[in-house]
Each structure stands twice: as C-alpha cells, then as structure tokens.
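Colleague: got a structure for you, letters missing:
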C-alpha cells in the first residue's frame, strides 16, 4: 500500500485492502492508518471516516486495542479535513482526540491541529491551541514548536492586518522555537511584518519595513509573497518615486505568459550544431548567447560567448546542453526569477507536446526564446544614480 501511495497512486492502495479481506486477513492499525492516508491523498474523506469508524468498532467490540486510532490516525484526518476547510469535522476530531485519556499529544500532532485550524480560517482557535502548546513546552521542552509553525501563525495574522501579533510571534520565534531559523525563514518573517503593516493601512510603516528588507537582504523574488507586497507599495506610492532599481516592468504584467513577450524562435536565428566556430565567430561578437539546433531543427543547446575557445571545433561540442527551457504558459515573473537565480542568459520557450525530453541527447521543439538583454530592455530605473537603499537587479547580474 505504501508503494502505491509513494508512486502517486493512492487509489491502488485502496485496492490492496480488498485483497487483504479476500485472503481472510484482518488489517492492523498500521494498515488502517495507511488506508486512511491513501483516502486523504485521494481526497476521499468519506471513505477515510469509514475506515476510522471501523477501527473504533473493532477495538471496542472485539477488544482489539491494537487497531484503535492513535495519534497518526487523528493527525492524518486533521490534515485532510484541514485542506478541505471543513472546520466542523476538524473540531469534532480534535475534541475526540483530546478526550482520549491515554493519548499524549506530541509536537507533530499539535502542529497538525494548528495547521488544520488555520487552513479552515479559525485563527482564534489556532491561537488558543498554540498558547496551550507554548505553556506545555515550558514544562516539557520536547514540545517546543518548530520555526515554521511560528511563520504559519504570522501568515494568518499578516492576512488580517494585525501588525502587533505578527511582531510578537516574530520576536518569540527566537526564544520559544526549536531548530534552526534559516535565512529564508528570517527573510519571510521580515516580509510578513511589511505585509501586516500594509494590510493594516499603515503605508508609511510598510515602506519603512521595505527599506529595512532592502538593506538587509538586497533581493526579493517578484513572485513571492513579499515581492507582491513590494509591488503593491509601488502602486500605492507611485512608480516615479520607486525604491526598486530596476523597479518594475512597466510594459508588461508579471502575471502575463512569457509567450506574449518572447522572441519567436526563427527570429533568434539559431545555428546548426555541425557548423565550426570559425564559420560563425562574428555572430558571437553580436550576441552573448545563441540557440543551437540539430538537423531536424530541434533546439539541443545554447552556445555562450565565453565558451568559444576552439575555432576549429563544431559548435555542438562547445554548447551547453540541454538548454534551460520553460513552457509558453509560464508567467513572466517566474521566468525572470529563474533567470536571475540561475544566471541564465537565455531561456528556450516550448509548448507541451513540442519536446521529446530534457536529456542531453534529446531535441526541444522550441517556439521562442527570452534573453537577459530582452528582459533588461523592459525595465526602467527610477534615476540615473542607484543608491545603496535600492534593490539593484542590474548590479546583481553583471556576471551573468
């Protein structure tokens, strides 16, 4: 059953249950928990509850305590109903779990409870359970929550525009959490402070937090939650007074598909992989990256100017393969983030069904390309001089 679930086929795990019964075997607790997990993965909550009730009935009627629901059972159900935003079922399962005198709720279970309540929009309920967890953790340090649970609470209060609560959770995360608070976690906590201030209507405070984020982290993903807040602030304050450099792409929305602004593949003038470098060397003085195609016209790589060091070599041996690619439905913001993160000079645009694979031996049926030069043309700086308090995308990509 676990094999079916791991391979992404939870329905197959449910079929194994029928085989177990046909062979006259009785499922144990582990089997039932696996079946319930398969139901949750398959979004079949009714069947999950049927298995749950079977566990309780067997444990009660036949005194089979080994099949009575345990913490794994309850937390799995909580995850499922939490994703379904079924607050009634979540509260019912929580009440039943807490009524079991022999059950000791551990940190994982508390985390599942709080996440389920937050998914259902019950911020108040989640806060009550979180307070209970912190209180018990003072007596039993093993229960101290992980940093990501603090971030979950911060996200919920940032949505509500409760700056004070976000600030409190951010401070307590350093004292009351267990485990490492990584740099991405620290960055997100700063972004959530900014978001909470903006949602509360404190634009000046949000701008102040944005400046601190810029000085501290020097970068922010345009498609991240914090990036969206930064763009909201840009729109409110006016793009002419932007603190970002380049601040935005005024000619295109980051949510647009890359197909709308890509350069058609034929206009990118791809080169045949069999050509020798000395035959096309002047092209590399003009373009820093050139798409390479095979005899069938499929894109098999990208030739970079800095890799051109053997004039007599076929360019197919000098190119970087396979080429980085995205589908034509990918958003502009996602493509830009990818290029900035991976330092790509060029990304090939393909459509579903237009490529045979991604290995070095396969060809890509490309429909266009998007280059760093084209991206830079779309940007506008707020002034000729970039200050230390500005995000400087141009500076961070001078070595691309």
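Modeller: Yep, it's here. A quick note: this is a predicted structure, and the numbers were derived from the prediction, not measured.

Colleague: now do the residue nearest the centre of the chain, the pLDDT please.
Modeller: In the chain, the residue lying closest to the centroid (Cα atoms, centre = their mean) is residue 224, at 8.8 Å. Note on residue 224: pLDDT of 77.

Colleague: any idea how far it lies from residue 303?
Modeller: With distances taken as Cβ to Cβ, to the nearest Å, residue 224 is found 33 Å from residue 303. Every C-beta, even on glycine, is put in place using the N, C-alpha and C of the backbone.

Colleague: so the residue nearest to the centre of the chain makes contact with residue 191?
Modeller: Yes - using Cβ atoms under 8 Å, residue 224 is in contact with residue 191, at 7.3 Å.

Colleague: quick one: low-confidence ranges for this structure?
Modeller: Counting by pLDDT under 70, the ranges of the chain that qualify are 1-25, 63-65, 222-223, 238-251, 352-364, 379-400.

Colleague: quick one, strands of it?
Modeller: Here the chain has its strands, by DSSP state E, at 244-245, 263-264, 271-272, 289-293, 299-304, 325-327, 346-355, 364-371, 391-392.

Colleague: closest one to residue 213 among those?
Modeller: Residue 213 lies closest to strand 391-392 among the strands of the chain, at 9.2 Å (Cβ to Cβ).

Colleague: picking up where we left off before, could you dump the strands of the chain to CSV with mean neighbour count and distance to residue 69?
Modeller: CSV is the format used below for the strands of the chain (neighbours: other Cβ atoms under 10 Å; distance: least, Cβ to Cβ, whole Å):
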stretch, mean neighbour count, distance to residue 69
strand 244-245, 22, 52
strand 263-264, 14, 59
strand 271-272, 18, 65
strand 289-293, 23, 58
strand 299-304, 24, 55
strand 325-327, 17, 44
strand 346-355, 18, 43
strand 364-371, 22, 51
strand 391-392, 20, 51
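
Colleague: need those in TSV with distance to residue 336, can you?
Modeller: Formatted as TSV, the strands of the chain follow (distance: least, Cβ to Cβ, whole Å):
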stretch	distance to residue 336
strand 244-245	13
strand 263-264	15
strand 271-272	26
strand 289-293	16
strand 299-304	18
strand 325-327	11
strand 346-355	10
strand 364-371	9
strand 391-392	13
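
Colleague: and residue 112, which of those is closest to it?
Modeller: With distances scored as Cβ to Cβ, the stretch of the strands of the chain nearest to residue 112 is strand 325-327 (34.8 Å).

Colleague: partners of that closest one, with directions?
Modeller: strand 346-355 (parallel) (DSSP bridges).

Colleague: what's residue 288 in contact with, if anything?
Modeller: The neighbours of residue 288, taking Cβ atoms under 8 Å, 6 or more residues apart in numbering as the test, are 304-305, 345, 373.

Colleague: try it again with 7 Å
Modeller: Residue 288 sits next to 304-305, 345 when contact means Cβ atoms under 7 Å, 6 or more residues apart in numbering.

Colleague: tell me the spacing between it and residue 150.
Modeller: Residue 288 is 44 Å from residue 150, where distance means Cβ to Cβ.

Colleague: with residue 35 instead?
Modeller: 33 Å.

Colleague: okay, those two: which has more neighbours?
Modeller: Counted by other Cβ atoms under 10 Å, residue 35 and residue 150 do not tie: residue 35 has more neighbours, with 26 against 22.
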